[in-house]
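Trainee: Structure for the following, please:
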Amino acid sequence: MTTQIPARPARRDAASAPWFDGLVRGVLLIRRCTKCGHHCRPDAAGCTACEARDLRWVEADGTAEVVASVATPGKTGVTTVQALVELGEGPWMQAAILGATSPPPPGTALTLTILRPDEGEPIPAFTVRG
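Mentor: This next block holds a predicted model:
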C-alpha cells in the first residue's frame, strides 16, 4: 500500500495569507505572543497562555511528535495516515504522515515536509524521523 494525502485544496484568505506565504518559502509559521513568549497554533487569534491579543508570526523548527494517529484505508487500497502532532515549540496541529501505512505510536519523532499540490496552496505534512 502507498500513502496518500486527502485531495482537498487548501485555500488562503486574509488571515491565513502570512501562513501560506511561509509555506511557499519552505517554512512553517506559527504564532508567538509578544507579551509572554508562548507559542500558539497558526490560527490563534489570542495567546492561549495569557490571553493577550498581540501575536506575531515566527518560524517553527520543523520538528514534531505524534500525539495520536489513525490510518484510513481507501477504496483503491491507498492508506491515508493522519496525526495530531505536537510541534517542537508546543502547539498541536493535524497533518498527514507521509510514507506511513500504519499509525505511528505516540511520541514518534517527525520532520516537516511541505507538499506542493498541483492545485491550491502548499500544505504541511510530516515524515517519521529516521
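Trainee: what secondary structure does the nearest residue to Lys35 once chain neighbours are set aside sit in?
Mentor: In this structure, Lys35 finds its nearest non-sequential neighbour in Ala52, 4.0 Å apart by C-beta to C-beta, 6 or more residues apart in numbering. C-beta: built from backbone N, CA, C; applies to glycine. Classification of Ala52 by DSSP: H, G, I helix; E, B strand; the rest coil places it in coil.
Trainee: Kindly tell me how buried Ala52 is, as a neighbour count.
Mentor: Neighbourhood size, Ala52 [other C-beta atoms under 10 Å]: 13.
Trainee: correct me, but it touches Arg32?
Mentor: No. Ala52 is beyond contact range of Arg32, at 10.8 Å (criterion: C-beta atoms under 8 Å).
Trainee: quick one on the thing from earlier: next, the contact list for the residue nearest to Lys35, please.
Mentor: Ala52 is in contact with Cys33, Thr34, Lys35, Cys36, Gly46, counting by C-beta atoms under 8 Å, 6 or more residues apart in numbering.
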